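Undergrad: could you look at this predicted model? Sequence included:
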Amino acid sequence: QVQLAESGGGLVQAGGSLRLSCAASGRTFSNYAMGWFRQAPGKEREFVAAIGWSGGSTLYGDFVKGRFTISRDNAENTVNLQMNSLKPEDTAVYYCAAGGLLSDYGPNYDYWGQGTQVTVSS
């Protein structure tokens, strides 16, 4: 089992920045690819970003367009999502996930956090 806990969400004005963190505990963190997904009210869950076990490979959702950066620290068992140039349409609950495969497909991830709310005001 892997337990995941997100933090860093909040309210920010459009154009601002937030840094989300996900702390992992349980099985060896470095064995897992890590992903961030988001879900806005009334919408499907959407892939945001993912990073391979070593941090050498990353994937991003098309909408990111260079605004977000995912990183991980295997010594600290954390994965971070730096979000810049935030837009109102980025408002959603953001979830951290762990899985055995670097992927943009949610069902490939085995463990999920509870989520953290990000609200971007216009």
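TA: Yep, that arrived.
Undergrad: so where do the strands sit in the protein?
TA: 2-7, 10-13, 18-26, 33-39, 46-51, 58-60, 68-73, 78-83, 92-99, 109-112, 116-121 (DSSP state E).
Undergrad: nearest residue to the most centrally placed residue in the chain other than its sequence neighbours?
TA: With distances taken as Cα atoms, centre = their mean, residue 36 lies nearest the centre of the chain, 2.4 Å away. When the adjacent residues along the chain are set aside, residue 36 lies closest to residue 48, with 4.2 Å between them (Cβ to Cβ, 6 or more residues apart in numbering). Every C-beta, even on glycine, is put in place using the N, C-alpha and C of the backbone.
Undergrad: how about the contacts made by the one you found?
TA: Counting by Cβ atoms under 8 Å, 6 or more residues apart in numbering, residue 48 makes contact with 35, 36, 37, 38, 60, 61, 64, 68, 81, 94.
Undergrad: pLDDT below threshold where in this protein?
TA: For the chain, no stretch is flagged by pLDDT under 70.
Undergrad: wait, doesn't the residue nearest to the centre of the chain sit right on residue 70?
TA: Yes - at 6.5 Å, residue 36 counts as touching residue 70 under the criterion of Cβ atoms under 8 Å.
Undergrad: any residues in contact with both of these two?
TA: The contact sets of residue 36 and residue 70 overlap at 49, 50, 79, 81 (Cβ under 8 Å, 6+ apart).
Undergrad: and the furthest pair within the residues you listed?
TA: Among those, the pair separated by the greatest distance (Cβ to Cβ) is 50 and 81, at 10.4 Å.
Undergrad: mutual contacts of those two, please.
TA: Applying Cβ under 8 Å, 6+ apart, one finds that residue 50 and residue 81 are jointly contacted by 36, 70.
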